[in-house]
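# Sequence first, predicted coordinates after that:
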Amino acid sequence: MVTRSEAFPSKFLKASDLNGKPVIVRIAATPFEKLKSPNGVEQSKIVLSFHGTEKKLPLNMVNFDSVAAIVGNDESDNWVGHRIELYTTQTTMAGKLTDCIRIRKPAPKPKTVANPHPPEDEESPFGDEIPDFGDAA
């Protein structure tokens, strides 16, 4: 059995492509492309491409502003190499609630502990000092 998305593959990301899970991506390119809207009107948009995936993401104003805030620069040429997180949520479009992709700053990576063992003179918080029972034999 073939699904609709398999029969008609899209070169653009859709909310359903994320399977309800946030995804961290690294921006590979930010070209300005002419695209046709669903009603056939042609408009130019910045289209993000990412390392490791063929699918691209055309930006609306909300997502443009999100990337600009994350990167700290609203010139899209300066976005290449930056990491962003894509996640799904819902928005109202043409009076209907619909799934969409939004962008946020990825959470920082957890810091690794350089020395997982406490210094020898530091007391253990677990009180695991071995008591001296003398000769128990």
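Nice, thanks for sending it over.
# how near is the residue most central in space within the chain to Pro38?
Computing the C-alpha centroid of the chain and ranking residues by C-alpha atoms, centre = their mean puts Glu85 first, at 1.6 Å. Counting by C-beta to C-beta, to the nearest Å, the separation of Glu85 from Pro38 is 26 Å. The way it works is simple: take the backbone N, C-alpha and C, and place the C-beta from them, glycine included.
# hang on, the earlier thing: phi, psi of the residue nearest to the centre of the chain?
Dihedral pair for Glu85: phi -110, psi 130, per degrees, to the nearest 10.
# how about the closest residue to Thr30 other than its chain neighbours, what does it touch?
Nearest non-adjacent residue to Thr30, counting by C-beta to C-beta, 6 or more residues apart in numbering: Ser76, 4.0 Å away. By C-beta atoms under 8 Å, 6 or more residues apart in numbering, the contact set of Ser76 is Thr30, Phe32, Ile46, Phe64, Val67.
# and the two most separated of the residues you listed?
Phe32 and Val67 (14.1 Å; C-beta to C-beta).
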